[in-house]
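> sequence and predicted structure below; questions after.
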Amino acid sequence: MTPAGADARRGGLERLEDTIEAGLTVGLGLSTVLLAAGLLFAYTPALLWGILLLMLTPVARVAVVTVGLAFERDWTFTLVSLFVLGVLASGIWVAVHR
């Protein structure tokens, strides 16, 4: 790989990491606000949405990583990431249909 290609790849990875960091920060912030509001005002729907958002934030991270790996054409890790998404989805499905 040429040095210019390596720089372009590094720039793409840094953008992906920045996107992941922003998503995790926003998810954590919103869930914190919802949980705090639910506790302070005894509002059960806010608590439920806060917990749901807190649980889905890591799932969103895996989805973003999967898309980023596909754009990088790293097919091995894209497939591994898709497998992880499948495991997470099956866990959610089992929890909902329990």
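Right, received. Where do you want to start?
> so who does Ile92 touch?
By CB atoms under 8 Å, 6 or more residues apart in numbering, the contact set of Ile92 is Val59. (Each C-beta comes from the backbone N, C-alpha and C, glycine too.)
> okay, which residue is most central for this structure?
The centroid of the chain falls nearest to Arg61 when counting by CA atoms, centre = their mean (1.8 Å).
> any idea which element Ala22 lies in?
Secondary structure from DSSP states H and E places Ala22 in helix 3-40.
> what packs against that helix?
Counting contacts by 3 or more CB pairs under 8 Å, 6 or more residues apart in numbering; DSSP states H and E, helix 3-40 packs against helix 44-71.
> report how many residues lie close to Ala46.
Counted with other CB atoms under 10 Å, residues neighbouring Ala46 total 18.
> just the pLDDT for it.
In this model, Ala46 is scored at 96, pLDDT.
> ditto for the one 3 residues further on
Per-residue pLDDT puts Trp49 at 94.
> roughly how far apart are the closest residue to it other than its chain neighbours and Leu53?
Of all residues not flanking Trp49 in the chain, Leu34 sits nearest, at 5.2 Å (CB to CB, 6 or more residues apart in numbering). The gap separating Leu34 from Leu53 is 6 Å, by CB to CB, to the nearest Å.
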